[in-house]
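Student: Would you be able to build a 3D model of this:
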Amino acid sequence: MLKICESKQFSRVFVKQYSMKTNQITLPMFPLNLVLLPGETTKLYIFEQRYRQMVEDCLRNDASFGVPYIERGELKDHGSELKIKRILKTYDNGSMDVLVEGVRLFKLCSFKEVLSPKLYGAGTIDPIESEQRVMMNNLQDAVVNYYNTVEEKLVDYETVSKLTLYTVAANLQLSAAEKFRLITSASQQQYLLNILNFHLHVLRCEQQLKGRFAEN
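Tutor: Alright, predicted model coming up:
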């Protein structure tokens, strides 16, 4: 269970606070059923007053914010740090469409739902290392196979060995739940391999069906 923090711990939320021992960082928080891998982008519709305030504060301070993952109403202990790229559209009622980009992933250490006198919440995070390379031999085989057949891109093993797990995963159009399972898996290499094998299996089944229809 996550520890609920006292508001004095977040009195200067836009000054990134690092602990010498843990490298923990304090961020504004916007819990959502969303996981963005580093480099992924999406559009968010911001309509609640508290999160309009958060967006304005982030833009004013050139700051990022955290999105702890929510599944079936439950706040999970992992999420994504996002940076606001730009405001795409503002509406007469004050709501807005905002383009955001994943900066990095994190483990949520503590969370406070309301950061008084602000309307939104904040939390402390431990950043997750995102440079884990594709190391397993059978995973490299699956990545090469996937890019060559599904993406129709010719890549070699040397190129694949330089890719990160999250770079590969970002190309798979995974659901938020699948991304969450990936980043929290005890064996991310194996989890990604299972996903790739499933995609390749589906592709082979589709090709077999097309072949049967062609014969008829």
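
Student: from here on, contacts and neighbour counts on C-alpha atoms
Tutor: Noted.

Student: Who are the contact partners of the residue positioned nearest the centre of the chain?
Tutor: Taking CA atoms, centre = their mean, the centroid of the chain lies closest to Leu36, which sits 2.4 Å from it. Going by CA atoms under 8 Å, 6 or more residues apart in numbering, Leu36 touches Ser80, Leu82, Glu101, Gly102, Ala176.

Student: just the buried members of those?
Tutor: Using 16 or more other CA atoms under 10 Å as the burial test, the contacts of Leu36 include Ser80, Leu82, Glu101, Gly102, Ala176 as buried.

Student: ok so, going back, doesn't the residue nearest to the centre of the chain belong to a strand?
Tutor: No: counting by DSSP: H, G, I helix; E, B strand; the rest coil, Leu36 is not found in a strand; it is coil.

Student: mind checking which helix or strand of this structure has the lowest mean pLDDT?
Tutor: Lowest on mean pLDDT, DSSP states H and E among the helices and strands of the chain sits strand 3-4, with a mean of 44.

Student: Tell me the helix or strand right after it.
Tutor: Note on strand 3-4: by DSSP states H and E, the next helix or strand toward the C-terminus is strand 25-29.

Student: Output the contacting helices and strands for that following strand.
Tutor: Under the contact criterion of 3 or more CA pairs under 8 Å, 6 or more residues apart in numbering; DSSP states H and E, strand 25-29 touches strand 65-71, strand 121-128.

Student: Please identify the buried residues of the last one?
Tutor: The neighbour-count check on strand 121-128 (16+ other CA under 10 Å) flags Gly121, Ala122, Gly123, Thr124, Ile125, Asp126, Pro127 as buried.

Student: Determine how far stretch 102-122 lies from the middle of the whole chain.
Tutor: In terms of CA atoms, centre = their mean, to the nearest Å, the centre of stretch 102-122 is set 15 Å apart from its chain centre.

Student: in it, what's buried?
Tutor: Result for stretch 102-122 [16+ other CA under 10 Å]: buried residues 102-115, 120-122.

Student: Repeat that for stretch 169-185.
Tutor: Buried, per 16+ other CA under 10 Å, within stretch 169-185: Ala169, Leu172, Ala176, Lys179, Phe180, Leu182, Ile183.
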